[in-house]
Structures are given as structure tokens and as C-alpha cells.
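K.L.:
here's a sequence, model it:
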Amino acid sequence: MKASVFGVGSELLLGHTLDTNTAELAADLAEHGARVEVSYRVADEREPLVRELEHALSHSDLVVVTGGLGPTPDDVTREAVAQALGRELEFDPEAFEAIRTFFQRLGKPMPKINEKQAKKPAGARWLENPRGTAPGFLWQEGGKTLVALPGPPAEWRPMWQAAKKELGLEKTPRYRKVLKTFGLGESDLYRILGETLGELGVYAKPWGVELVVADPDLTKRIRKKLKGKIWGEDEDTLPALVHKKLKAEGKTLAVMESLTGGLLSELITGEPKVSKVYRGGMVSYTREAKVRFGVPETVLRAHGQVSAETARAMAEAARVFLGADYGLAVTGVAGPDPLEGHPPGTVYVGLSDAGGSRARGYRFPDQGRESIRLRAAYAALAYFWSEG
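P.N.:
This is a model prediction of the structure:
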């Protein structure tokens, strides 16, 4: 089944509201065996909406529209759908009464402007909205189906469940495996996997590149080729795996961070019950703070704040200061200006345990401070997962 999804609202095009509706619907449709070919975002204007609806209906078996079913003049979805289908809008007294009753329960009279919400294209069936005044509707003819839903997720989600039941849409078993890597760019993955990369979904995230695989045999081959580079699968997260590793070993962790300013600690403490393995963290944002927390002045003088040597010394200092089994540290340049001759995106992660200390350097693209800081925090977690 070919499907198209619509997000209607000028605020979606102006960037005032992020359109999560179409993404959620597209993902759900995929789980029900539909292939979403096009996702539309259209302004609250009748002419472009009619044009795009007609186009979608010409090539899709199922069209799902969200938004534009409110009572105000700029809510034009019902009118545009009726025009695209070549149908008249019909007034439904029962729907009108249901809207009036909704306002009565709120202790308010129904504004006259809400009367338009009791209209639907001729031949369409209502989809009841138990959480708002805007009912949706479902139209079917000649192998084509159109579902119109209101914009607020709290309203359209239960209505969509009812529509799927009415349409007989059931979840289709399908294989989907997400392999999560770190330390490899897309060009590195192409060098290792070759043309196989074209058979995968490839998504760059702050915690690394994710590969979405649709075939179990292909998954086995990729695991073999990327041995040691895959840190997790599916719903795995680096903070959760670090917590799991520490718990399994019966060991504790302390951190010292510079450019991340507490972000590494925030990711770690996002896990429940982590206090049993996490001793705490220190933000040594300045040279003076590093020295106060135990980083030798001689190291800073010889190598600077942004160096593998300082990252190792920070990790060792954190471990000793808080009496932990492991010390983890991150230092670098978040930008926008260089530091000690190093450009933004230069990051070093250090790790210390009873056997000694080690460090690794990274060079992340300068995509702004927050991007660099987030990637640095995840780099520290990934380094601990691989080297701890």
C-alpha cells in the first residue's frame, strides 16, 4: 500500500512549530505494511492544499492529513479535502450536538464559529474526537482512502487507532535491526562495507552513526565486518551500557570534565539507580580548577589544557579524588574561538584505573558549541565502553 502523510499549518513552514505528527504517522504506517512515499507540509491556504491533496490522491492508496480542522477561518482542511474529492460539505446535526455537548460539559456556551466543525465531505464517515471539538473523518472510494485528523497529538492519536481498526490495518511482522557505531564516519563505513552501505539506512547521531538493516543475514555480515566498532543495538544507549558494565564489574566511576561543563555527568545520572556505581563528577572549566582538583601544574605547563596528557591526568585526579575504580575525563575546545592553537572540535578523552591511564584524541566538525559538547560527552562514554 502506497501512502502519503500531510501536516497542515503555516506554523510548520515558518518554523514556529516542529512537525512531529507526520514523522510519527509515517513510522506507524511502515509498521502496518504501508510504504510512505511522500510527506507534505502545507500552509493554511486552500489553493495549495487542494493542489497537493489532488496530487497525493493520484499516486497514493492512503492519504492521512493532520491539522486544519479547527473552527477558525484559517482552518481550511475540510474545505480543501471536499474540493479535492469533488464533494460538497454537508452539515451533520448529530455532530453539531456532540460539539455543543462538549462545551456544555466545560460550562460554556458553544461559540457560533465552531459550527463549521460539524461539516464533512459528503460520503465521509466521522471519526469521533473524545478529547476535543474537532472530529475527524474517513473517506473511501475506488480503492482510495483519506483520513483527516486534528493537529494536537493528544487528540489525533486515539482517533488514528480507531481509524486503523476501521480500515483493518494490522501490524506487519518485519525485520529491523539498528546497529550503533562510534568513531566511524560515513566515508569510513563505505570503505569497510562498500556497496553494501547502499542497502542500509545510515543516520548520523551525536553518539555515532546508526545503521538500519532490514535483513538478518546482512546483519550478521555487517557485525563481522564492524567487529569492535558496534557499541549497541536497537534501544541501547551509551549511558545505560556504561551503567550496566559498572554494575556487572562491581566497580565505580568518577568523572572530570572541562568543555562539556557537566553534560557528561548529566548523561550518566539520567540512568536510574546509577548512584550505586557513580561516585560523582567535577567540572574543571578553568586551568585553576584543574589544579585544585589534582591535575599537576607541571602537566598543564608542559602540554596545555587541550592534550592527551592533560586528559589522562584529569582522569587520574578524578579517580583518586573521589576514590573510584575508574576515572573518566574530557577536555577540548567547544568554540567559537580556538584555544591554545587548537581549533573548535578538538577533544581528548582520558581514562584511568588501577592499571594506569590512557587517552584518545578526536576532531569533530565545528557545527557549533552544543554539537561539539554533546559529541564530546558521548565520545567519553564510548571510550569508556570500549577501553574500560
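
K.L.:
what's the domain layout of this structure?
P.N.:
2-167, 177-233, 238-387 (automatic domain parsing).

K.L.:
so which of those domains is the most surrounded?
P.N.:
domain 238-387 (a mean of 20; mean count of other CB atoms under 10 Å). All C-beta spots, glycine's among them, are computed from the backbone N, C-alpha and C.

K.L.:
circling back: quick one: the domains of the chain as JSON lines, columns for mean pLDDT too.
P.N.:
Shown next, in JSON lines, are the domains of the chain (pLDDT from 0 to 100):
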{"stretch": "domain 2-167", "mean pLDDT": "97"}
{"stretch": "domain 177-233", "mean pLDDT": "95"}
{"stretch": "domain 238-387", "mean pLDDT": "98"}
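
K.L.:
and the helices in the stretch 101-250 of the chain?
P.N.:
Along the stretch 101-250 of the chain, counting by DSSP state H, counting those that start in this stretch, helices occupy 153-167, 186-193, 216-225, 238-249.

K.L.:
how about JSON lines for the ones you listed, with distance to A3 added?
P.N.:
Output for those, formatted as JSON lines (distance: least, CB to CB, whole Å):
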{"stretch": "helix 153-167", "distance to A3": "11"}
{"stretch": "helix 186-193", "distance to A3": "29"}
{"stretch": "helix 216-225", "distance to A3": "26"}
{"stretch": "helix 238-249", "distance to A3": "34"}
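
K.L.:
quick one: closest of those to W385.
P.N.:
Smallest distance to W385 across the helices of the stretch 101-250 of the chain (CB to CB): 5.7 Å, for helix 238-249.

K.L.:
so what secondary structure elements neighbour that closest one?
P.N.:
Under the contact criterion of 3 or more CB pairs under 8 Å, 6 or more residues apart in numbering; DSSP states H and E, helix 238-249 touches strand 230-233, helix 263-269, helix 369-387.

K.L.:
residues contacting the first one, please?
P.N.:
To tie it back to what came earlier, the one meant is strand 230-233. Residues outside strand 230-233 that contact it (CB atoms under 8 Å, 6 or more residues apart in numbering) are 177-182, 208, 223, 238, 241, 382, 385-386.

K.L.:
could I have the CA atoms of that strand written out in PDB?
P.N.:
Output of strand 230-233 as PDB, limited to C-alpha atoms (Å, rounded to 0.1, in the frame of the first residue of the first chain):
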ATOM      1  CA  ILE A 230      29.400  -1.600  17.200                       C
ATOM      2  CA  TRP A 231      28.600  -0.500  20.700                       C
ATOM      3  CA  GLY A 232      24.900  -1.200  20.800                       C
ATOM      4  CA  GLU A 233      21.800  -2.200  19.000                       C
END
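
K.L.:
not counting the strand or helix carrying E288 itself, show me its contacts.
P.N.:
Taking DSSP states H and E as the definition, one finds E288 inside helix 287-292. Here helix 287-292 makes contact (CB under 8 Å, 6+ apart) with M256, S258, M282, V283, S284, E297, L300, Q305, T310, M314, A317.

K.L.:
redo the contacts of strand 230-233 as CSV? Include distance to A324.
P.N.:
Compiled in CSV, the contacts of strand 230-233 are given as follows (distance: CB to CB, whole Å):
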residue, distance to A324
K177, 35
V178, 32
L179, 31
K180, 26
T181, 28
F182, 23
G208, 26
R223, 33
L238, 19
L241, 18
A382, 19
W385, 17
S386, 19
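
K.L.:
on that earlier part again, chain center to the helix holding E288, what's the gap?
P.N.:
Distance of helix 287-292 from its chain centroid, counting by CA atoms, centre = their mean, to the nearest Å, is 37 Å.

K.L.:
for this structure, which residue is closest to the average position?
P.N.:
The residue lying closest to the centre of the chain (CA atoms, centre = their mean) is K205, at 9.2 Å.

K.L.:
so in terms of bridging, what pairs with that residue?
P.N.:
Beta bridges link K205 to G208 when assigned by DSSP bridges.

K.L.:
what's the spacing between it and A315?
P.N.:
Using CB to CB, to the nearest Å, one obtains 25 Å as the distance from K205 to A315.

K.L.:
A302 now?
P.N.:
17 Å.

K.L.:
check L328 too.
P.N.:
Distance check for L328 against A315: by CB to CB, it reads 6 Å.

K.L.:
next one: S258
P.N.:
Distance of S258 to A315, computed by CB to CB: 12 Å.

K.L.:
now the common contact residues for these two.
P.N.:
Common neighbours of S258 and A315, using CB under 8 Å, 6+ apart, are A329.

K.L.:
ok so, going back, of all the helices of the stretch 101-250 of the chain, which one is nearest A95?
P.N.:
helix 153-167 (13.9 Å).

K.L.:
inside helices: which ones of the contacts of helix 287-292?
P.N.:
Using DSSP state H, E297, L300, T310, M314, A317 are the members of these that sit in helices.

K.L.:
columns distance to L200 on top of the residues you listed, output as JSON lines?
P.N.:
Formatted as JSON lines, the ones in helices among the contacts of helix 287-292 follow (distance: CB to CB, whole Å):
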{"residue": "E297", "distance to L200": "49"}
{"residue": "L300", "distance to L200": "44"}
{"residue": "T310", "distance to L200": "38"}
{"residue": "M314", "distance to L200": "37"}
{"residue": "A317", "distance to L200": "42"}
